[in-house]
Every structure is written in C-alpha cells, then in structure tokens.
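# Sequence plus the predicted model coming up.
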Amino acid sequence: MVKVTLKDGSVREYQAGISIGEIAEDISKGLARNALVGKLNNSVVDLAYKVEEDGALEILTFEDVEAKNAFRHTSSHILAQAVQRLFPGTKLGIGPAIADGFYYDFDSEHTFTPDDLAKIEKEMENIVKEDLPLERQEISREEAIKLFEDKGEKYKVELIQDLPEDTPITLYKQGDFVDLCAGPHVSSTGKIKAFKLLSLAGAYWRGSEKNKMLQRIYGTSFAKKAELDEYLFRIEEAKKRDHRKLGQELKLFAIMDEGPGFPFFFPKGMVIRNELENYWRELHRKWGYQEVKTPIILTRQLWERSGHWYHYKENMYTTVIDEEDFAIKPMNCPGAMLIYNSDLHSYRDFPIRMGELGLVHRHELSGALHGLMRVRSFTQDDAHIFMLPSQITSEVKGVIDLVDTIYRLFGFQYHVELSTKPEKAMGSDEMWEIATQALEQALKEKGMSYKINPGDGAFYGPKIDFHLRDSIGRTWQCGTIQLDFQLPEKFDLTYVGEDGQKHRPVMVHRTAFGSIERFIGILTEHYAGAFPTWLAPVQVKVLPITERHAPYAKKLADDLFKANVRVELDDRNEKIGYKIREAQLEKVPYMLVVGDKEMGNNTVAVRKRGQGDQGTVDYETFKKDLIQEIATKV
RNA sequence: GCUGGUGUAGCUCAGCGGCAGAGCAGCUGAUUCGUAAUCAGCAGGUCGCGGGUUCAAAUCCCGCCAUCAGCUCCA
C-alpha cells in the first residue's frame, strides 16, 4: 500500500502501482474529467504515472500553469503530427509550450502559407477526434539515435547527442507519431478541445543566425472553446491599443517611408512630449540634477577614445566634415565626460548629477524597427552621476526611487533585471565583479525582486534595467542604471580629495523614461490613447448647440485658453450628437455642451470622457476643478 | 540582417490580365438641431519604386524600398 497526501492535507491509501489518473477518478468524477497531469513530490508527471511510494500529490487542471504547459506541449505534438501527415518528409525541430500557447519548428521543402494553416488545423481536428493516447517510453541513447536517424530526423539526433550523459531519454508516442520529449503530457489527444494556429514565422535552428532558418508555426490552445474565444477577442482588443494605430488615428506621431526608424511628431504628439519633458525637468530639479546639452556630431577621435569606435561602430552613423571623420552620437556619455573635464572638481562637489535630454542615433537592423518602441533616432532622458566610491549604493538607490516615482505616477507595473558582463566587454573581471556587486547591493537594500540576465550588460559595465509591458504583453526596456568604470579611466576623470591628491571618480549612466519616444509609445498603449488630462493634447472641447450659442462658447474657450488650458471650440454647423461623437473619438477628457440653458446662467453641461453626461455645473467651479486636476496630474 | 506576409484616394479596404472602385474623412450648399454619425452635390489616384512578359499589367515575372509577424540583435 502507498500513502498519498493530498493538497488539503488529507491522506489516502492505495494499492502500490495505482496510476495518478485512477487516484483522480477515486477523488471525484469532476476532478478526473479536468485532470491533465499530476504533481508528485513537486515533480510534474503524466496521469499514467504509477505511484509506488508514499508522497504528496496534487492533481493539476488547466488552471495550474504546469498543467497548462503540458496541455500546450501536447498541442504542439498534435501540430507536428498533422504537419507530417500532410507534408511527408518534414523534419522536426523543437516544439515547446510558451506563455500564451505553443509553437513547433519545421524544416520542410514546402514553404507553408497562411492557407496551409487552415488545412493543418483540419488535420489536427482529426487527430483530436482519433483520441490517441500518449505513451511515454524510456529508451537508451543508442536506440534513440538509431530511431531518429532511421526517420531522417537529424535535428532530433543532434538534440540527443547534446543531452548530458546521465539524462534518461524518453519518447512520447501518439498513434504513428513519435517525438523525443521529456514530457509530461496529457493522457490523450482527445483532451485538446480548443486550439487555433495563429501565425507563421522564420526561426533559426537553436536560435543562432549561423544555422538554417526553420519554419515556425505558432498556435494556442485552451481547455474550453469559450476560453479560446475570449483569448482571441483579447488579442483583437489589444491590437486596437497598438500605439502605431492610435498614433495615426489621434494624429500624434508617424513614421514615414522617407525616414525609416526616424519618427515624426505631430502637434498633438508634441504636446504630450513637452508635458513629459516639463515634468522631467521639474522632478530632476527637485532631485538635485543639473541639465546640460551636448552636440549631436563629434569627432572620430572622441569616439575612439571612448571605445565606441571599436565596440559600437556597426551601430553608428558617420559623416565627413572638412575631410575629417565624425560620428553622430549613439550615446551621450562622451560629451558629458568632456563637460566634466572642463573644470576641476573637489570631493565636496559630489555627487554631481548631470542630466541631458540627448538625441541619439543608432543603426538598428531594419527587421528590428517597431513603431516608436524601436527606432533609429531617439531622445534619452540621460544623466551621468559622478561620485565617490562610497556614494555608489546610496546614489543607485536614489535613482531606483526616482524611476519608481515616475512609473508610479503612470500606474505602470514593471520588472527589474540585472545584466552582467557580456562577451564583448571592456575592462577586467575584477572591475566587473565590483560594479555588479554594487548594483546588486542597492537592489537588495531596496528589497527589490529582480531577474539576472547573464552576459547582457553593456560593453562598459553591468546594468539594472526597468522593463515595461506593451499592449500585447511584450516587454520593453525603459529605465536603466549602468555603472561605468571604463569611461572615467579613458577620459582620465579626476577630483581632488580631502588629501589634496587627485583621485578617480565613479560614474553611473542612468535613464528613467529610457527613450522619450519609447515611453510615449508605452504610454499611448497603457492609456489606450485616453491620456490623463494633464497630458491630453486637447483637454476641453466647447460644443455650442447652435450658431446662436457660438458667442457664449467662444467666451468660455477664450477664458480657458487664458488659463493655459488646451481648449478647442467646435462651432461648426453640426448637430450636437455629431460633435460629441467626434470629441469622444478624439478621446478629449472634457466636453462642455452649451445651449440656451447654460447661456442664461453662466453654467456648462459637462460631459466627461468615459463617464458621459455629468449634468450642469457652474462654469467657474468647473474651471477651478479642471485646473486643480491638471496641476496634480491625476 | 534572415524567413514569410502586405503595399490601390488623407484613413479603412474591394478589385487580381481588358474603362481605377466603395465607405469614412475633405470641399460646396441646404438644415439651426440638447449628449456617439442630417441630407444632397463635388472633388480626390505616378495602384510603393524600377525593369520585364503581353495587343493590353493595379493584376503575371524579376530587382529594390517600406511595412507587419517572428527569429537574430538590442548599447
């Protein structure tokens, strides 16, 4: 007999060798129906797994992330089976579950088209109907290699050969289809009730551009049809928030064929940008920063000295002036070094916090460009902080607080990553070690949870990155804190210490928004274009009901304009419903509808974005509240 | 950069070898109206760019550019 402890603490006894599926059956019919995999002593296993010893058991359903992954992993096997049925000779790459679904990589002479996806889905439906059980089988390395060699599955053979010696090799079999797979899987193809293939894409074998590009098919699957439909609906909704679409609809910004990766800001987008910059300046003044501006084009010698010419050249635009080589700055730091060195510094001056809204240009791969999120010219809200080594932790903590202040104002969820020394790096290992420790120390003292990104640091130092999400869940690096022991050396930065001797200061590069452009992209998606009043390009629209009310409407609009409110008057000869509809589509926060009633007693009928008609209020009261709302950035 | 898709009016899209189309937006006129679209008329095009095939190309073929998805990259 074996004793099984369930999640609720109850203990049940069974014949040794009972399967987890049978235990689920014993617990309840409903659970057995929804059970996908089991979790025995913290490892996830198939329902067919036979329990031979006492242990803690959980029966997992689609609600559990491990079960969801197994479910989608099985879905990817069904996809592979369907593809091999329809396109014999197709070789298999890998086919894992991912955050919102699954994919499988194929090497096929046939190039898959979107039309093929429908055919493949049909065949997948057949496989689901066939209700094929998935059978797990453990075999020796030699047998496995022989099996896949005979099938011509060269990628699988490569995978097996690269597995550590002591790893058991398992196969999963469903009908005539066999795949190398660690599992676990759901018990039968019939469990996959709702799935959809979503897209096609190229993907390099094992993620290296040196390898062959395979064809990847993405899909998703759910336990219930309704959940799938809801997911697809959510994706459609999220696409409506895409900043590229909203940027065009709301006339905020655009990227044109004439300037790939070089964004244009229209008057309305410029309002948002200027408001953000005003806020930035106000905040940085309070936090003890000074502001500088450094040139966009600087000599080749400078970039050679900073190391960019050797480590960053493929991303830099260059030009020739009077037969001399120049480069357009991809970063602001060398300019800041020159400013630092234009004067003598005392330890008493530290920390020196030198901010710059600096326009940088970087040559990004054409395929990497993405609206405002990934561009070739952008404005970093940069700052360089010069300090004593003893000030590192407190300065880094200060920047963490500053970034958090900004993100909290917008209600962003973010996560933090610590990136360590990359392969192509300047400086010694010890330098890197000290710098990385200093950053980690600050994170620990702030009690922040963070993810470590090995080898993802900048070439000159380790960094802390702040990542924000876009409308469809992709994350983008925005704020960053980078410790740099290289540039102070290269530019021979010094300060005079207490002892009257010259010493080397420590420097941190940091951004909060990251890039103003990217930040505006994220903001646009975050608010779905309905910006808070302080950022809204147009804050109030005054809508007279007929021409008769236009003079009163104009008086209000003029008064608001004088109070620095961004106001527009819509005195076109249109019905009120039409004007409201337009203002609503423009996502203007406040509409003031004025007719005979309002004109008589100096009131306005307020319509608030998202909340509809708020009734009639005294104009002066409205104005006072509005100005208060703008000032407090709510 | 790589793989695949897409590019037609300001916007959204139809047309896919035989006269360049629709809706919205724009302009003109009428309508003077109370909370998401009043009616009528007019105008609007190097069909991404270049080459080729054809009696004839938006449509087929080749090259390039841009863009979308993913991969790679991401300071």
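Cool, the structure landed.
# For the closest residue to RNA strand B within the stretch 451-600 of chain A, give me its contacts.
Closest residue of the stretch 451-600 of chain A to RNA strand B, CB to the nearest atom of the strand: A:Gly595 (2.4 Å). Just so you know, the C-beta spots here come from the backbone N, C-alpha and C atoms, and that holds for glycine as well. Going by CB atoms under 8 Å, 6 or more residues apart in numbering, A:Gly595 touches A:Pro544, A:Ile545, A:Thr546, A:His549, A:Ala605.
# With A:Cys181 instead?
Applying CB under 8 Å, 6+ apart to A:Cys181 gives the contacts A:His73, A:His77, A:Thr170, A:Leu171, A:Tyr172.
# export those residues to a markdown table and tack on secondary structure and distance to A:Lys245?
Putting these into a markdown table (DSSP: H, G, I helix; E, B strand; the rest coil; distance: CB to CB, whole Å) gives the following:
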| residue | secondary structure | distance to A:Lys245 |
| --- | --- | --- |
| A:His73 | helix | 34 |
| A:His77 | helix | 36 |
| A:Thr170 | strand | 46 |
| A:Leu171 | strand | 46 |
| A:Tyr172 | strand | 42 |
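# Of the residues you listed, which are in range of RNA strand B?
With CB under 7 Å from any atom of the strand as the criterion, the contacts of A:Cys181 include none near RNA strand B.
# Need the max-distance pair from those.
Greatest spacing in the contacts of A:Cys181, by CB to CB: A:His73 and A:Leu171 (14.0 Å).
# the more surrounded of the two?
Using other CB atoms under 10 Å as the criterion, A:His73 and A:Leu171 rank with A:His73 on top: 23 against 19.
# Report the spatially nearest residue to the more buried one, omitting neighbours in sequence.
A:Ala97 (4.5 Å; CB to CB, 6 or more residues apart in numbering).
# And for that neighbour, the neighbour number?
By other CB under 10 Å, 21 other residues sit near A:Ala97.
# tell me the phi and psi of it?
Backbone dihedrals for A:Ala97, given as degrees, to the nearest 10, come out at phi -80, psi 140.
# Ok, A:Gly335 next?
Dihedral pair for A:Gly335: phi -60, psi -40, per degrees, to the nearest 10.
# Give me the pLDDT for it.
At A:Gly335, the model reports a pLDDT of 96.
# Can you tell me the SS state at the residue nearest to it when sequence neighbours are not counted?
Counting by CB to CB, 6+ apart, A:Thr294 is the residue found nearest to A:Gly335 once chain neighbours are left out, at 2.7 Å. The local conformation at A:Thr294, judged by DSSP: H, G, I helix; E, B strand; the rest coil, is coil.
# circling back to that earlier point, closest one to A:Leu409 out of the contacts of A:Cys181, please.
A:His73 (41.1 Å).
# so the closest one sits right up against A:Gly101, yeah?
No: applying CB atoms under 8 Å as the test, A:His73 and A:Gly101 come out as separate, 10.7 Å apart.
# By average pLDDT, which secondary structure element in chain A comes out worst?
Lowest by mean pLDDT, DSSP states H and E among the helices and strands of chain A is strand A:50-51, with a mean of 76.
# Give me the sheet partners of the helix or strand just after that strand and which way each runs.
Downstream of strand A:50-51, the next assigned helix or strand under DSSP states H and E is strand A:55-60. As defined by DSSP bridges, the strand partners of strand A:55-60 come to strand A:2-5 (parallel), strand A:37-40 (antiparallel).
# Mean neighbour count, those strands: which tops it?
Most buried of these, by mean neighbour count (mean count of other CB atoms under 10 Å): strand A:37-40, with a mean of 23.
# Buried by neighbour count: which residues of the helix or strand following it qualify?
Next in sequence after strand A:37-40, counting helices and strands by DSSP H and E, comes strand A:43-45. Within strand A:43-45, the residues that qualify as buried are A:Val44, A:Val45, counting by 16 or more other CB atoms under 10 Å.
# same check, this time on stretch A:83-100
A:Val83, A:Gln84, A:Arg85, A:Phe87, A:Thr90, A:Lys91, A:Leu92, A:Gly93, A:Ile94, A:Gly95, A:Ala97.
# with the residues you listed in mind, which one is nearest to A:Gln477?
Distances from A:Gln477 to the buried residues of stretch A:83-100, taken by CB to CB, are shortest for A:Ala97, at 25.5 Å.
# Do I have it right that the closest one meets A:Asn69?
Yes: when contacts are counted by CB under 8 Å, A:Ala97 is listed as touching A:Asn69 (4.2 Å).
# what's near enough to touch the nearest residue to A:Lys91 once chain neighbours are set aside?
Leaving aside its chain neighbours, A:Lys91 sits nearest to A:Asp107 (4.2 Å; criterion: CB to CB, 6+ apart). Residues near A:Asp107 by CB under 8 Å, 6+ apart: A:Thr90, A:Lys91, A:Leu92, A:Gly93, A:Tyr155, A:Trp205, A:Lys212, A:Leu214, A:Gln215.
# quick one: A:Lys286 from RNA strand B, how far?
With distances taken as CB to the nearest atom of the strand, to the nearest Å, A:Lys286 is found 27 Å from RNA strand B.
# again with A:His110
Separation of A:His110 from RNA strand B (CB to the nearest atom of the strand): 11 Å.
# And the pLDDT for that residue?
Looking at A:His110, the pLDDT reads 84.
# Can you classify it as helix, strand or coil?
Three-state assignment for A:His110 (three-state DSSP): coil.
# Let me know whether it touches A:Phe87 as I believe.
Yes: using CB under 8 Å, A:His110 is in contact with A:Phe87, at 5.1 Å.
# hang on, the earlier thing: now tabulate the contacts of A:Gly595 in TSV and tack on secondary structure.
Output for those, formatted as TSV (three-state DSSP):
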residue	secondary structure
A:Pro544	strand
A:Ile545	coil
A:Thr546	coil
A:His549	helix
A:Ala605	strand
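# show me the contacts for A:Phe106.
A:Ala80, A:Val83, A:Thr90, A:Lys91, A:Leu92, A:Gly93, A:Phe112, A:Leu214, A:Gln215, A:Arg216, A:Ile217.
# and if you look at A:Tyr204?
Counting by CB under 8 Å, 6+ apart, A:Tyr204 has contacts A:Lys210, A:Asn211, A:Lys212, A:Met213, A:Leu214.
# Could you tell me how far the first one is located from RNA strand B?
Note on A:Lys210: its distance to RNA strand B, by CB to the nearest atom of the strand, is 9 Å.
# give me the number of residues near that residue?
7.
# The closest residue to A:Thr189 other than its chain neighbours: neighbour count?
Spatial nearest neighbour of A:Thr189, chain neighbours left out: A:Leu132 (4.6 Å); criterion: CB to CB, 6+ apart. Neighbour count of A:Leu132, defined by other CB under 10 Å: 19.
# How about A:Thr220?
When counting by other CB under 10 Å, one arrives at 23 neighbours for A:Thr220.
# By mean pLDDT, show me the worst of the strands paired with strand A:55-60.
For the strands paired with strand A:55-60, mean pLDDT drops lowest on strand A:2-5, to a mean of 80.
# Can you tell me the closest non-neighbouring residue to the most centrally placed residue in chain A?
The residue lying closest to the centre of chain A (CA atoms, centre = their mean) is A:Thr475, at 0.6 Å. Nearest-residue entry for A:Thr475: A:His467, 4.3 Å, with adjacent residues in sequence omitted and distances by CB to CB, 6+ apart.
# which stretches of the stretch 351-500 of chain A form helices?
Taking DSSP state H, counting those that start in this stretch as the criterion, the stretch 351-500 of chain A carries its helices at A:392-410, A:429-445, A:487-490.
# And for the stretch 1-150 of chain A?
Counting by DSSP H, counting those that start in this stretch, the stretch 1-150 of chain A has helices at residues A:20-27, A:29-34, A:65-86, A:114-130, A:141-151.
# so where's chain A uncertain?
Residues of chain A meeting the criterion pLDDT under 70: A:471-472.
# That's all I had, so thanks and see you.
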